[in-house]
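1. One predicted model, sequence on top.
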Amino acid sequence: MENEKVIVVLLIVVVLLSIASIGISLGLNSDVSNKLVENPEGYFNLGQANVGFEIAETSVNSGGRT
Amino acid sequence: MGNNNSLLIIAIVVLVLSLVSLFVTIGKVGELTGQVSKQATAALELAPAASIEFIVSSINWSSGAVNENATTANIDSEGNVINGNWTTVSQGLTLRNDGNVDVRLSLTTSNIASSFIGGSAGGGPSYKLKVSNSEANSCEYPLNSTNLGTYTEANGTVQPTCQKFDKTDASDVLRIDVNLTIPADADSGAKLSTITATAIVWTGS
């Protein structure tokens, strides 16, 4: 009878340890996934600049109007 | 009683195995946490921080015209205005790698000479870009031995410019000069082109 109680306690401990082990594994996977997902956003970057000027109307480009 | 003893022994064995399993898991987590930390460090250095910025992001020669009796005018961002009366510009576009990784740099123009400038007199228009080091060795690995410091016609597509644009503060600035040939018969009006610089994390290949 005494042994049965000990067995029950041991089995409960085993179950708790298994749950802890699974929890740790799941937490680790989640952490790794988050780290990997964060990365691609900064893989490239863009910058833009403008180049401009104006051409005034002349007798050549206006067909002789000026 | 005999059965109970057997069960007890089995339970103890299972408990020991479970403890071993837990310790192995914790050990692996420790190792992996270390690896994650390394990977995260590499990722932070490589991927998330690719960043470029135009310090000088605009060139404008204002209004002008091709001189009478000339078929074309030529203007650039190096202080030259030939056969025209546009405002002199002596400052090229300036691009800085302000991220913490080296990047591969490409330039794309929103248009090409014919659509940007127009006209056909004197051989037609030309729209060229020249990339050079504003700080020494900013382009650590040019495309080839001649592309750096040489004007290249803009073709409206993605044009690789520098294989390895350095991240180091003392050598992370490139200058992009623009050279335009304007035919005398180009239509009057405002002309605008947008230059897009694309930086992709340099991976060493």
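-> That came through fine. Numbering: from 1, shown residues only, chains lettered A, B, ... in the order given.
2. which stretches of chain A form strands?
-> Ranges of strands within chain A are A:44-55, based on DSSP state E.
3. now it, which segments are flagged as low pLDDT?
-> Low-confidence segments of chain A (pLDDT under 70): A:1, A:25-42, A:63-66.
4. Equivalent analysis for chain B, please.
-> Looking at chain B by pLDDT under 70, you get B:1-3, B:25-49, B:205.
5. Quick one: the strands in it, in order.
-> Ranges of strands in chain B, per DSSP E, are B:52-56, B:58-64, B:72-76, B:81-82, B:93-97, B:103-109, B:126-133, B:139-142, B:152-153, B:159-165, B:173-183, B:189-201.
6. Output the ones you listed in CSV; the columns should cover distance to residue B:18 and mean neighbour count.
-> C-beta here means a position set from N, CA and C on the backbone, and glycine is covered the same way. As requested, the strands of chain B are exported to CSV (distance: least, Cβ to Cβ, whole Å; neighbours: other Cβ atoms under 10 Å in any protein chain shown):
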stretch, distance to residue B:18, mean neighbour count
strand B:52-56, 54, 17
strand B:58-64, 68, 17
strand B:72-76, 76, 22
strand B:81-82, 83, 15
strand B:93-97, 53, 25
strand B:103-109, 50, 22
strand B:126-133, 63, 20
strand B:139-142, 55, 18
strand B:152-153, 68, 14
strand B:159-165, 53, 21
strand B:173-183, 60, 23
strand B:189-201, 45, 18
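7. would you list those strands in JSON lines and tack on distance to residue A:23?
-> Shown next, in JSON lines, are the strands of chain B (distance: least, Cβ to Cβ, whole Å):
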{"stretch": "strand B:52-56", "distance to residue A:23": "43"}
{"stretch": "strand B:58-64", "distance to residue A:23": "56"}
{"stretch": "strand B:72-76", "distance to residue A:23": "66"}
{"stretch": "strand B:81-82", "distance to residue A:23": "72"}
{"stretch": "strand B:93-97", "distance to residue A:23": "43"}
{"stretch": "strand B:103-109", "distance to residue A:23": "41"}
{"stretch": "strand B:126-133", "distance to residue A:23": "54"}
{"stretch": "strand B:139-142", "distance to residue A:23": "47"}
{"stretch": "strand B:152-153", "distance to residue A:23": "59"}
{"stretch": "strand B:159-165", "distance to residue A:23": "45"}
{"stretch": "strand B:173-183", "distance to residue A:23": "50"}
{"stretch": "strand B:189-201", "distance to residue A:23": "35"}
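8. right, and those - which one's nearest residue A:7?
-> Nearest of the strands of chain B to residue A:7, taken as Cβ to Cβ: strand B:189-201 at 58.1 Å.
9. what packs against the closest one?
-> Strand B:189-201 sits against strand A:44-55, strand B:52-56, strand B:93-97, strand B:103-109, helix B:113-116, with contacts defined as 3 or more Cβ pairs under 8 Å, 6 or more residues apart in numbering or on different chains; DSSP states H and E.
10. among the ones you listed, which is nearest residue B:122?
-> Nearest to residue B:122, of all the helices and strands packed on strand B:189-201, is helix B:113-116, at 12.6 Å by Cβ to Cβ.
11. residues in contact with the closest one?
-> B:109, B:124, B:125, B:126, B:127, B:153, B:154, B:180, B:181, B:191, B:192, B:193 (Cβ atoms under 8 Å, 6 or more residues apart in numbering or on different chains).
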